[in-house]
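# let me see the structure of the following:
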Amino acid sequence: MHWFKKQQPTPEGMELAERCKLEAESLYRSGRMHCAEAVLATISRHFAPEAPAEVVNLASGFGHGSWSQCICGAISGGTVALGLALKEDKKQVNHLTRELHHWFKEQYRVTCCKTITSEHKGVCPVLTGEVAGKIAEMLGRK
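Numbering: from 1, shown residues only. Next up is the predicted model:
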């Protein structure tokens, strides 16, 4: 699976990644969705449009670090979104999940919601958008 990581996103893929970033951030800022829901809704809309809208409910418990402030909800929702978008390709889902976690740690040092929000006040809307954009970028490399 190393070939996948070396491929670069297309210009169309980068444009979609930017749209996903802005859409997820907007959903979060609207107050209608938290981080996990916004990422899952955005990725589902663009990469699994056949999925019912109710699929976003799968991420309801993942917001605010699963309400215990452990793993970032955007990462949790993004992991579910990868599984939805890639369906039966479990190896690919695992590969991209690892890549997402690695990228996130490069950006924020940790994946712990409590640590992130204490070190970066007010970052959640932006972080939500960045995660959705990164996932779209990764999926756009196919």
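
# can you tell me the element E25 falls in?
Using DSSP states H and E, the element containing E25 is helix 11-30.

# name the residues of stretch 60-76 that are buried.
62-65, 69, 71-76 (16 or more other Cβ atoms under 10 Å). Placement of C-beta: from N, CA and C, glycine included.

# would you turn these into TSV with pLDDT, secondary structure and distance to K121?
Shown next, in TSV, are the buried residues of stretch 60-76 (pLDDT from 0 to 100; DSSP: H, G, I helix; E, B strand; the rest coil; distance: Cβ to Cβ, whole Å):
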residue	pLDDT	secondary structure	distance to K121
F62	89	helix	21
G63	83	helix	18
H64	75	helix	15
G65	78	helix	16
Q69	77	helix	14
I71	92	strand	19
C72	94	coil	15
G73	94	helix	17
A74	96	helix	16
I75	96	helix	19
S76	95	helix	21
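
# and which of those is nearest to G31?
Using Cβ to Cβ, G63 comes nearest to G31 of the buried residues of stretch 60-76, at 12.0 Å.

# in contact with that closest one, which residues?
Applying Cβ atoms under 8 Å, 6 or more residues apart in numbering to G63 gives the contacts 34-37, 73.
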